[in-house]
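Novice: Fold the stuff below for me.
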Amino acid sequence: MPEFLVLADPHQARREWLAAITHRVEAETLPTVDAVGRVLAEDVTAAEPIPGFRRSTVDGYAVRAGDTHGASESLPAYLTLVGEVPMGAAAPFSLGPGQAALIHTGGMVPPGADAVVMLEHTQLSRADEVEVLRAVAVGENIIEVGEDVAAGQVIVPAGRRLRSPEIGGLMALGRTQVRVARRVRVGIISTGDEVVPPDTRPLAPGQVRDINSYTLSAVVQQWAGEPVRYGIVPDDEAALLTTARRALAETDMVIITAGSSASTRDMTARVIDRLGEPGVLAHGLRTKPGKPTILGVAQGKPVVGLPGNPVSALVNTQWLVVPALERLQGAEARPWPRWRAVLANHAPSEAGREEWIPVHLREEDGRLWADVVFYKSNLIFRLVAADGLIRVPTDATGLPAGTEVDVFVLR
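Specialist: Numbering: from 1, shown residues only. From the prediction side, this is the model:
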């Protein structure tokens, strides 16, 4: 009997599985400074414009643009210096015709001025007179009120994952607290009679240390998740069902990494089907590595059966688990970050299955090159040597050296 009757198209299976995930995590309020990496749970609008006053973008002299018309190094415009604009305060004067005021970057442009001449385009002729060596246009070197953000404008939409620019922007508006999606709790279950804890020494013949629980935990933490490890479950269906039910009740997503045998994977599929509707949506994908992957949903929550092979588990975590984490948090769908590079050597592949191949990146002669990292199944340290993955289409029998490829970042 074949291992799988039908291997699902990986892209269609992924779309249908993500669409079936209806569960969402609740929101919580955090200090903005602690919210980096979290997903915003509500639109943030500006209560005031930014900047709230006309600001100079350079060190120089605030002027009336018309007073500099025709100015050049050979025929400078002479303006009367009336003072210096204090930083952090309004100027105690306004400019009249033929006048200028010293101003610093970020300073408040005084009334009457409509441009700023850069310092390097001026020189002092006397203590109270400045020579302008270059004409400026109205608005030159000035940021107008609300030019960055208008009052009432949505500055950060719900669903945005907060980076350092968003944190700075929120602080600029005085938003010291924000509503964000709470961390996704992800239950991680390792299975297999041969799997033992990482601190086991020495290993008995046939035993392997648990890798998957910890690589998966690292990915979950990177995406504002909280991994909950449920330990190692033996190859016993009743024991796995009990642990999986507990994990589903206590977390927002369940990942089960199963052994290598077909019977073990079938047991995992049966357990996922018993957790709740709709159950297993795909059992086996037309992809390499990761053919035995199981995609399921129970009570609106995603349940994934990943291969026990650490390389397969990690690659499919990048492609499947990460977007599920984003969906659970209500995050904006964003493409997998990638670089554009040139294959330095041939990337072999078998037609009939989409293949992910690890590569190492290097820069040479102004170009980014991707060297294929050749590996055999189960060798986790080959991924340690890789910077990213390339995707070989289903109908291709490899990619020749010199092909320009997208390199998907290993996250």
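
Novice: which residue sits closest to residue 141, ignoring its sequence neighbours?
Specialist: Nearest residue to residue 141, sequence neighbours excluded (CB to CB, 6 or more residues apart in numbering): residue 116, at 3.9 Å. Bear in mind the C-beta positions are built from the backbone N, C-alpha and C, glycine included.

Novice: now do residue 124
Specialist: In space, residue 124 is closest to residue 130, 5.7 Å off (CB to CB, 6+ apart).

Novice: now the one you found, which residues is it bridged with?
Specialist: residue 79, residue 124 (DSSP bridges).

Novice: so it makes contact with residue 99?
Specialist: No. Using CB atoms under 8 Å, residue 130 makes no contact with residue 99, being 9.8 Å away.

Novice: Neighbour count: those two, which is higher?
Specialist: With neighbours defined as other CB atoms under 10 Å, residue 130 and residue 99 compare such that residue 130 has more, 25 against 22.

Novice: Residue 98: what's it in contact with?
Specialist: Residue 98 makes contact with 67, 79-80, according to CB atoms under 8 Å, 6 or more residues apart in numbering.

Novice: where do the helices sit along the chain?
Specialist: 10-20, 164-172, 212-222, 237-250, 262-273, 310-316, 322-328, 380-384 (DSSP state H).

Novice: closest to residue 30 out of the ones you listed?
Specialist: helix 164-172 (11.2 Å; CB to CB).

Novice: And the residue nearest to residue 124, how close does it get to residue 62?
Specialist: Remark: distance between residue 130 and residue 62 (CB to CB, to the nearest Å) = 11 Å.

Novice: shared neighbours of the two, anything?
Specialist: With CB under 8 Å, 6+ apart as the test, residue 130 and residue 62 both reach residue 100.

Novice: Neighbours of residue 103, how many?
Specialist: With other CB under 10 Å as criterion, residue 103 counts 30.

Novice: Need the nearest residue in space to residue 46, chain neighbours excluded.
Specialist: The nearest residue in space to residue 46 (CB to CB, 6+ apart) is residue 149, at 4.7 Å.

Novice: and the nearest residue to residue 180 once chain neighbours are set aside, what does it touch?
Specialist: Of all residues not flanking residue 180 in the chain, residue 38 sits nearest, at 4.0 Å (CB to CB, 6+ apart). Applying CB under 8 Å, 6+ apart, we find residue 38 in contact with 30, 161-162, 180-181, 183, 224.

Novice: Pipe the contacts of residue 98 into a markdown table and attach pLDDT per row.
Specialist: As requested, the contacts of residue 98 are exported to a markdown table (pLDDT from 0 to 100):
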| residue | pLDDT |
| --- | --- |
| 67 | 97 |
| 79 | 97 |
| 80 | 97 |
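
Novice: Span of stretch 85-94 from start to end?
Specialist: End-to-end distance for stretch 85-94: 10 Å, by CA to CA, to the nearest Å.

Novice: now stretch 270-285
Specialist: By CA to CA, one end of stretch 270-285 lies 17 Å from the other end.

Novice: do stretch 61-73 as well
Specialist: Terminal residues of stretch 61-73 are spaced 16 Å apart (CA to CA).

Novice: Return the set of buried residues in that stretch.
Specialist: By neighbour count on 16 or more other CB atoms under 10 Å, the buried set for stretch 61-73 is 61-65, 67-68, 71.
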